[in-house]
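Participant: My questions are about this predicted structure, shown below with the sequence.
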Amino acid sequence: MSNNYFDIIRPGINSTFQDKGRECLYHIGIPFSGAMDNRNYLMANKLVGNKLDSAVIEFAYQGPHLKYSGAKINFAITGDVIFKIKKEHTEIEGNCYESYQIENGDEINIISTNKSVYGYLALGGELDLKFQWNSCSINTKANIGANNGKKLDTGQRINLKKINSNRDVKKINYINTKIENIRVIKGTNFDYFSEDGKKIFYEKEFTVSKLSDRMGMRLEGTKIENIVNTNIKSEGLIKGVIQVPADGNPIIMLSDHGTIGGYPKIGVVASVDYDRLVQMSPGSKIKFKEINLSDAETLFKLYEMETQNLLSQIQ
Amino acid sequence: MIKNISNLGDAAVYCDFGIEVNKSINSNVIKYFNSIKEKKFKGIINLTPSYNKLIISYDLKLTNFNEVKSYVESINVTDSITFVSKKIEIPVCCHEMFSMDIKRVEEKLNLSREKILDNFLNKEYFCYMTGFIAGMPFLGDLDKNMRVQRLETPRVKVPKGSVAITEQFANIYTFESPGGWNVIGNTPIDVFDSSKEDEPNLINPGDTVIFKEITLDQYKNFNEQ
């Protein structure tokens, strides 16, 4: 048994362990999973001195309330998150993108995300978790990964195998930017849609529906008319694919998506915009903007350089 | 054999083998799938073979569309690449407790329950692909007189083990899941086992499946033997 652990007083709405995700399993029906917002995931680990591919706790809307027992440890939270740190005689409001040291008896209470969906809690050390296919990422649909593939629950304990010996606190100034347009590349069934439907897709605003989760984001708006066939022979999906079923409302595939689908693909979200897309909460407005493949590749390179630059600033 | 190669977004190559669904096209898809899987090209992180398409997704940090496309074009898939295929018997109980859409199928096909089951059971079906949910096999082809459309409104929850049909295909729900196929029975065996990391799927593309009927008593006792 571990001497260093967190007791879960309140689990939060959708709290799971996530890491870099699983590869090479689409062909048996297992999606990539992993942290939804990759940049914030990496920054959380860097702020506590972990290896970048370490497991973190991902939460949506409301995070967990945890009580710590053990030797001194660092933690950091990334995203746009409101949280409190409770010590024996004090309670302070914490800042994202800043690591804090806590000790035996302290509590971390993650109240909510602020106009965004996902936040990340990294703990300075190594969590004691079950790995399946080289990843601990929890996939609640197939019950794969740590915690028997289930969300965190009240009364559970999060054990640490190891605590980082270097506990210097780190900080970076970072603000999550919002984007007005989500850039997309034309999908393989773009021509299934009427001229009006294509126009609607690029010119009208869509609203993120409440029926959105780690599997997919459903959108509502003006219906997109299909003039060829509302079904295709089932074929593979990847994250970011925008399918339009018979009802004319687009669905964007996210990290836990079904690996095969039979609805026409009108577009695919450019990789550069994925991290920011997943942070759009229900009620947010989305507008799509078409870009070509080579621009998408260049934009992703720039985004990736920016991420690496941010990580190198955290020392 | 690949009719057209295009990009699916900026992180996947979309290989189109044609529009029809048949074993010959699907075997070509599976040959490419096996060949690419074994060669482990830098940056390729996932392969999704389906009836007549193969989607190759890659890490955009490590490679790009043109590199992966050139690689796919350079592959020489010969008939010497074979894959091991198994013949698998799946016990299925078609008691009314499980066959919740049989009435609908009877009406749509204008066939009796007995005739439907007689047409469905004890025949060999080819596994074209697995996926949607972990380990779910897409099996075909059903007899021409057995083809029904999906439910108008999909179920929010289809029970684990459900054996269901739609159009020319049958499948097995490896987990409780939403779904719109016509459920005609249930199998007590685990078609997906995540504790077996090397071989979690009981049924893989290229395998042959035969459904054998069991009684409700046999079903109930199945996992106690």
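Facilitator: Okay, I see it.

Participant: CA only for contacts and neighbour counts going forward, please
Facilitator: Noted.

Participant: Residues of chain B that sit close to chain A?
Facilitator: Within chain B, the positions near chain A by Cα under 8 Å from any Cα of the partner chain are B:8-12, B:45-55, B:57, B:60-61, B:64, B:129-136, B:175, B:194, B:197, B:201, B:204.

Participant: what's next to stretch B:155-167, contact-wise?
Facilitator: B:92, B:98, B:142, B:146-150, B:170-191 (Cα atoms under 8 Å, 6 or more residues apart in numbering or on different chains).

Participant: Restricted to strands, list those residues.
Facilitator: Here DSSP state E is the test, and those give B:92, B:170, B:171, B:172, B:177, B:178, B:179, B:182, B:183, B:184, B:185, B:186 as lying in strands.

Participant: Turn those residues into CSV, columns for neighbour count, pLDDT and distance to residue A:202.
Facilitator: As requested, those are exported to CSV (neighbours: other Cα atoms under 10 Å in any protein chain shown; pLDDT from 0 to 100; distance: Cα to Cα, whole Å):
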residue, neighbour count, pLDDT, distance to residue A:202
B:92, 26, 98, 48
B:170, 23, 97, 38
B:171, 21, 96, 37
B:172, 23, 98, 38
B:177, 16, 87, 33
B:178, 14, 83, 30
B:179, 18, 86, 30
B:182, 28, 96, 36
B:183, 27, 98, 39
B:184, 28, 98, 42
B:185, 25, 98, 44
B:186, 26, 98, 44
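
Participant: Out of those residues, which is nearest to chain A?
Facilitator: residue B:177 (8.1 Å; Cα to the nearest Cα).

Participant: Report the separation between the closest one and residue A:285.
Facilitator: 29 Å (Cα to Cα, to the nearest Å).

Participant: And for residue B:60?
Facilitator: Counting by Cα to Cα, the separation of residue B:60 from residue A:285 is 28 Å.

Participant: give me the number of residues near residue B:86?
Facilitator: 14 (other Cα atoms under 10 Å in any protein chain shown).

Participant: make that residue A:284, sorry
Facilitator: Neighbourhood size, residue A:284 [other Cα under 10 Å]: 15.

Participant: Now do the contacts for it.
Facilitator: Here residue A:284 is in contact with A:207, A:208 (Cα under 8 Å, 6+ apart).

Participant: Which parts of the chain are helices?
Facilitator: I'll assume chain A. Secondary structure of chain A (DSSP state H): helices at A:38-47, A:195-203, A:274-278, A:293-313.

Participant: switch to chain B, that's the one I care about
Facilitator: Shown for chain B, the helices assigned by DSSP H span residues B:23-39, B:65-74, B:102-109, B:113-120, B:216-221.

Participant: Minimum distance to residue A:152: which of these has it?
Facilitator: Minimum separation from residue A:152 across these (Cα to Cα) falls at helix B:216-221, 32.6 Å.

Participant: Next one: whichever residue of chain A sits closest to chain B relative to residue A:203, how far apart?
Facilitator: Scanning chain A for the residue nearest chain B gives residue A:29, at 3.6 Å (criterion: Cα to the nearest Cα). Per Cα to Cα, residue A:29 is found 35 Å from residue A:203.

Participant: Of these two, which one has the most company?
Facilitator: Taking other Cα under 10 Å, residue A:29 and residue A:203 do not tie; residue A:29 has more neighbours (24 against 12).

Participant: what's near enough to touch that one?
Facilitator: The neighbours of residue A:29, taking Cα under 8 Å, 6+ apart as the test, are A:258, A:259, A:260, B:130, B:131, B:132, B:133, B:134, B:135, B:136.

Participant: What of residue B:170?
Facilitator: B:138, B:139, B:140, B:141, B:142, B:163, B:164.

Participant: before we move on, what about residue A:22?
Facilitator: Residue A:22 sits next to A:31, A:32, A:33, A:34, A:133, A:134, A:135, A:137 when contact means Cα under 8 Å, 6+ apart.

Participant: so what pLDDT did it get?
Facilitator: Per-residue confidence (pLDDT) for residue A:22: 96.

Participant: Which elements pack onto the helix or strand of chain A with the lowest mean pLDDT?
Facilitator: One helix or strand of chain A scores below all others by mean pLDDT, DSSP states H and E: strand A:260-261, with a mean of 92. Contacts defined by 3 or more Cα pairs under 8 Å, 6 or more residues apart in numbering or on different chains; DSSP states H and E place strand A:260-261 against strand A:235-236.

Participant: in its sheet, what does the strand it packs on sit against?
Facilitator: strand A:260-261 (antiparallel) (DSSP bridges).

Participant: Can you name the residues in contact with the strand it pairs with?
Facilitator: By Cα under 8 Å, 6+ apart, the list of residues contacting strand A:260-261 from outside reads A:29, A:234, A:235, A:236, A:237, B:131, B:132.

Participant: out of the residues you listed, what pair is the most spread apart?
Facilitator: Farthest pair in the contacts of strand A:260-261 (Cα to Cα) is A:29 and A:234. Separation: 12.9 Å.

Participant: List the buried residues in stretch A:176-188.
Facilitator: A:181, A:182, A:183, A:184, A:185, A:186, A:187, A:188 (16 or more other Cα atoms under 10 Å in any protein chain shown).

Participant: Please see if it touches chain B.
Facilitator: Yes. With Cα under 8 Å from any Cα as the criterion, chain B is reached by stretch A:176-188 at A:184, A:185, A:186, A:187, A:188.

Participant: And stretch A:206-213, by the same measure?
Facilitator: No. Counting by Cα under 8 Å from any Cα, chain B has no neighbours in stretch A:206-213; the shortest distance is 12.9 Å.

Participant: CA atoms only: put that stretch into PDB for me.
Facilitator: The C-alpha coordinates for stretch A:206-213 follow below in PDB (Å, rounded to 0.1, in the frame of the first residue of the first chain):
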ATOM      1  CA  PHE A 206     -23.800  26.400 -35.200                       C
ATOM      2  CA  THR A 207     -24.500  26.000 -31.500                       C
ATOM      3  CA  VAL A 208     -22.700  23.300 -29.400                       C
ATOM      4  CA  SER A 209     -25.400  21.100 -28.000                       C
ATOM      5  CA  LYS A 210     -25.600  19.700 -24.400                       C
ATOM      6  CA  LEU A 211     -25.400  16.200 -25.900                       C
ATOM      7  CA  SER A 212     -21.600  16.500 -26.200                       C
ATOM      8  CA  ASP A 213     -19.000  14.400 -24.400                       C
END
